[in-house]
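# Can you look at this prediction? I've put the sequence above it.
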Amino acid sequence: MDIPIEWYLVLSAFLFVIGAAGVLTRRNMFIVLLSIELMMNAVNINLIGFSRLHDNFIGQHFVLFTMTVAAAEAAVGLAIVTSLFRNRQTTMVDLFDLLKG
Amino acid sequence: MPTPDVTPIIPELILAVAACLVLVVEPFLKLDKTAVVAVALTGLLAYGAAAFALLGQDMAGFNDMIVINDYAIFFKVLFAAAGVMTVLMSPRYLEAHDRHLGEYYALLLFAILGMSVLAAARDLMAFYVGLELMAVSSYLLAGFFRYRLRSNEAALKYFLTGCFASAITLYGISMVYGFTGATNYAEVGTALAGGENTLGVAFATALVFAGMGFKVSVAPFHMWTPDVYEGAPTPIAGFFSVGPKAAGFAAILMMFLAVFEASVDTWTVIFIAFSIFTMLVGNLFALVQRNLKRMLAYSSIAHVGYLLAGMGAIGQSGDLLAGEAILLYLAAYTFMNLGAFGVLAYLKTQQPVTFDYTLDDMAGLARRSPWAAILMSLFMFSLTGIPGTAGFIGKFYLFNAVVRADLVWLAAIAVIFSAVSAYYYLRVMVYMFFRESEEEFVGGEAISGPLAASLALAAAGVLFIGLVPARLVDASATAFQNFLGL
Amino acid sequence: MEHEFASYMNWIVPLIPALPLTAFLVTIFFGKWFIKEQAHWLPILAMAAAFVLSLLVWWEVRQAEEGFYVELFTWIPVGDLQVPLAFYADRLSTAMIMMVTGVATLIFIYSKGYMHGDPGYYRFFSYLSLFAFSMLVLVLGANYVMLFFGWEAVGLCSYYLIGFYYHKTSAAAAGKKAFITNRVGDFGFSLGIFLLFVTFGTLTYTEVFEAVEVEGAGTATMTAIALLLFMGAMGKSAQFPLHVWLPDAMEGPTPVSALIHAATMVTAGVYMVARSSVIFASSETAMLVVAGIGAFTAIFAASIGIAQTDIKRVMAYSTVSQLGYMFMALGVGAWIPAIFHLITHAFFKALLFLGSGSVIHALSGEQDMRRMGGLRSRIPYTYWTLLSGAIALSGIFPFAGFWSKDEILGITFKDGAYIIWAVGLVAAFITAFYTFRLIFMTFWNESRMEPEVEKHVHESPWSMTVPLMVLGGLSLVGGFLGFPPEAGVFHHFLEPVFEPANEILGIHHEAFGAIDLTLMIVSVAVAVSGVILAYFFYVRQRDLPEKAGAAAQPLYKAIYNKWYIDEIYDATVVRLVIDGSRFLWRSFDAAVIDGIVNGVGKLWEVSGAAVRPAQTGKVQNYAGMMFAGVFVLLSAVIIAYGL
């Protein structure tokens, strides 16, 4: 049985919006990072779904790149969190507002 | 399997090798980092020279993912110049902060590598990889002073908003792939031109615009800009204001002219609307800043507004002139803005503790350090768009192109806003020349060494473009026409 | 008839601006460490050489009707438009460069004495040279882009030089004010140039004017172009309501006031309008506006001049008023008299400023006329030269100002613009009055100086008095360039330049007739009565209490009674005029005009401060804003496409 493309798209759209909502509302830096991962994975689902639809591998190649990039981003993100925590002993993103105006 | 022809990426290869070499050399050095700086500089110069040597080439490689042509070379040379200036102004600055580490240069080179790929990409995948390479290196550079709260915070903000923006772009790209089944610009363009799902395409256009808008700081996607510039090391802030911006526009031009050619009516309106909003936001916020780094950040947003007007003109008329003008403007902007940040970096090295980039810190500068004041004035004049400087030439061509696209009203708005900008640029000069410093400032060394070379390069660029622009005008015209014939 | 120019013109014309540029570069780079106190030599020599070259150019140009065009290289290529770096020496620009280089040479020499011992000596001379270069580019450029370049560059130099004493906050504020006010004008000017280019596709003078004559454009377009260009002229030449910067600009050193704010830069607007005579002539509305603004400025500024006590401020308002005269003349199509007045004004106003500078120099920096007086015999050279300048400015026969001013008034009358003529006449009366008020208050009567100042009164060194004498001579005889009226050497020289514009306007020459003679007598009478009135107010009346007190004889009582009437006048009419003028100056000029200029800036700042809290510093708000942006964008797309 073939799963229609719409199902993938709806799932991905939901994941993307959930991820975005997480980025906008959660205070803990780790949850925010995870929410960003969620948004990236929504895109991955899109790409894989379309790859099946078009019956070519470009989408799957693309997913390999996004996953690699996501890994790099996560590494950098964690490094930033570490140094933030060292300086301020907190990971609540809304406490960092020295720079404004 | 045949060996791929590496000609199109020779400059990038050189840069990658240099960046790795920096990382290899660094552990063997103690306090003196001259060797690392030399490697980075050599790499950048070789990269620029290799690009220059390939001038006139027009070929694509790696399954048409990446090309070498005059357009890509124009940007490569520009990036090399920006990179050289940034590297030269860094050592003294980093030493003054006790953070002179080799990986700084490696990250800078990697960022430039990403920019270079971005400008040469002809495939959404290459585009994405270039974009992220540039972005990830930038996040780390913004937070390079990791013991400083402000630098930390800058990295955090840049990182979070950046990832958010790239997810949005990526979503748009995935939709493009969904509609066309391809990621190659030419194929996507053809498929979209023959397609029918216009709302979806408009959606994808808007999403990609938002993501790219973040990179070049289009309001309201701009809010990271002032905070990141303020928190990041000054040479890096200067680099951010010119490098990724130029690369972003290189990609925007290509994206919207090649990929989204079909939805030209949609994006023309988007660009014009956001141009006005961006000019307004940039100028309005810049007016009330007393911190020069923030002022320059907001003013760079205003400059993006002018450039967006140029994009609107391209969409409106399909005229070549606006594209050439954007290239020219980016080149002019690179020299003048980086120069202004260079002067600030110099001042910070003189007073690492007390200098806080505020207007009051600039008071009486003309007396303390006349050369710094003169150079700063030159860059401020250029940013204002006074004739004889690069900024005037850039604005002249850009606004002229906008007028020619029958957008006289938009040009008028841009001219009004750039008249407003004179207020905050020239205010810096008022402080430097006509105010006395509150506290007595002792000694300080003259501008010298690499920093002097960097500022001289920037000043020479500003004056050269301002006084004899014909060469560069020709170059940007060839580059842009060459790119259109892809 | 094509004239063959001598081949050496190809290099002497570009050399004229190049000389001061070289002087600037050398002085700014080597001044501080190497040249130091000798910084005046190179600029003075360069300027003098430029003057000699200008004479050579004049020698060549006077043999030809059309101008000499030399192109160095393409400066800005814009698509099909090529803006070359090119110079155009026709009769108009030749007249201008002779004036600019000549007056500048004298003022440079004067500065050697005036600025002696100033810590910024080399800086001063380098800025002056840069200014001279910019001004020469402005008048010699062959297209509007070069005009604009020079236009902005002279503004910049003026900004630097007004704020030369940068430790004075008032000087800094004045520099800023000048810059901001000029930006308003320049904004219109640049739009005008844009519109010109859009309409005619070229910015080279000869091509533009030919296009205007041959094809023309709609009246509305021509009016828009002319008025936008005029907006620039209003800023640069300090016309109402953009005149506010010029009086404040007097914060700069006096040679700067003389060179930039009297003789050369402020006349750039007049030059530009005269240069664009064909464009202005194509629009009746524009001509009317130019004449109206000019006439109004002439009388408005003159009336303010009465109430000033600072010697340089009197001169500043006088300059604004005289520039108004020039625009008045341009507005009625009296192109040549306007330029003629520009040249004579350059002579005598530079003289008046330099003379005032010499007075200030003698009084160790005192500028308030109430604390001067009795200087006639103490600084005789300054007195006599200043007096000749004052006579010229007042328009008394046969000095320079008489010929040019009378010609303007004559043409307005004959043109049927009686209101403008009347306004001009009243302004002439006031001019004579305040000019001699200055002379009397400064040089006549008893000394009112501070004792400490009085001890040090001394005549200025030769480097200051010699330029004064040369300019004094020019003020006396310069007017004969324009003799006989409307048919002098000067008129014949400039005639070909304005022929096309006169053709459009349908102006033809009338011979000098009885009406001209009558008008001449009227204007001399008006000027003389202004002088006499000043004499009564500032010399006679002051002496009276003293004499009456010494010998209270019946004879004097009669005189006293006569004077009683005068005092009524003083209490009513004069008080009214002075109060009115003070009112105009304080409330209108200072409150309304300055208020608008400052208010626009304030509005921006206030709204900037109001939106500033939007940048909260919290990263999630930033992301939220981005999300909102995307949301709005997508909604707009959906609305546009319809779901």
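That came through fine.

# who's in contact with C:Gln10?
Actually, residue C:10 is Asn. It isn't Gln. Neighbouring residues of C:Asn10 by CB atoms under 8 Å, 6 or more residues apart in numbering or on different chains: C:Val70. C-betas here are computed from N, CA, C, even on glycine.

# which stretch of helix or strand covers it?
Assigned by DSSP states H and E, C:Asn10 belongs to helix C:9-30.

# Can you mark which positions in the next helix or strand after that helix are buried?
Per DSSP H and E, the first helix or strand lying C-terminal to helix C:9-30 is helix C:41-61. Residues C:42-44, C:46-51, C:53-54, C:56-58, C:60-61 are the ones in helix C:41-61 that count as buried (16 or more other CB atoms under 10 Å in any protein chain shown).

# try stretch B:132-148
For stretch B:132-148, burial by neighbour count (16+ other CB under 10 Å) applies to B:132-146, B:148.

# Ok, stretch C:632-643 next?
Of all the residues in stretch C:632-643, those buried under the rule 16+ other CB under 10 Å are C:Leu633, C:Ala636, C:Val637.

# I'd like these as TSV, with distance to B:Ala297 and pLDDT appended.
Listed next are these as TSV, based on distance: CB to CB, whole Å; pLDDT from 0 to 100:
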residue	distance to B:Ala297	pLDDT
C:Leu633	23	89
C:Ala636	27	86
C:Val637	29	84
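
# residue ranges with poor pLDDT in chain A?
For chain A, the stretches with pLDDT under 70 are A:1.

# List the strands paired with the single longest strand found in chain C, with their directions.
Under DSSP state E, the strand in chain C containing the largest number of residues is strand C:68-78. Note on strand C:68-78: by DSSP bridges, its sheet partners are strand C:81-89 (antiparallel).

# Just want the angle from the strand it pairs with to helix C:41-61.
Strand C:81-89 and helix C:41-61 are oriented at 90 degrees to each other (axes from the mean of the first three to the mean of the last three CA atoms, to 10 degrees).

# and the next element down the chain from strand C:81-89?
Immediately after strand C:81-89, counting by DSSP H and E, sits helix C:91-114.

# and that following helix, which residues are buried?
Neighbour count says helix C:91-114 has C:91-114 buried, by 16+ other CB under 10 Å.

# again, but for stretch C:273-290
C:273-283, C:286-287, C:289-290.

# Among those residues, which one sits closest to chain B?
Chain B lies nearest to C:Arg275 out of those, by CB to the nearest CB, at 17.9 Å.

# How about the helix or strand where C:Asn182 lies and chain B, any contact?
In this structure, C:Asn182 sits in helix C:169-200 according to DSSP H and E. Yes - under the criterion of CB under 8 Å from any CB of the partner chain, chain B is reached by helix C:169-200 at C:169, C:171-172, C:175-176, C:179-180, C:183, C:187, C:190-191, C:194, C:197-198.

# ok, of these, which come out buried?
Using 16+ other CB under 10 Å, the buried ones in the residues of helix C:169-200 next to chain B are C:171-172, C:175-176, C:179-180, C:183, C:187, C:190-191, C:194, C:197-198.

# ok, B:Pro4 to B:Ile10 distance?
For B:Pro4, the distance to B:Ile10 (CB to CB, to the nearest Å) stands at 12 Å.

# Those two: which has the busier surroundings?
Taking neighbours as other CB atoms under 10 Å in any protein chain shown, B:Pro4 and B:Ile10 compare with B:Ile10 leading, 17 against 11.

# my read is the more buried one is in a helix, agree?
Yes - counting by DSSP: H, G, I helix; E, B strand; the rest coil, B:Ile10 is part of a helix.

# dump the residue contacts of the closest residue to it other than its chain neighbours.
Leaving aside its chain neighbours, B:Ile10 sits nearest to B:Ala50 (5.2 Å; criterion: CB to CB, 6 or more residues apart in numbering or on different chains). Contact analysis of B:Ala50 by CB under 8 Å, 6+ apart lists B:Ile10, B:Pro11, B:Ile14.

# residues of whichever helix or strand B:Ala50 is part of that come out buried?
Assigned by DSSP H and E, B:Ala50 falls within helix B:34-53. Residues of helix B:34-53 classed as buried by neighbour count (16+ other CB under 10 Å): B:Val36, B:Val37, B:Val39, B:Ala40, B:Leu41, B:Gly43, B:Leu44, B:Ala46, B:Tyr47, B:Gly48, B:Ala50, B:Ala51.
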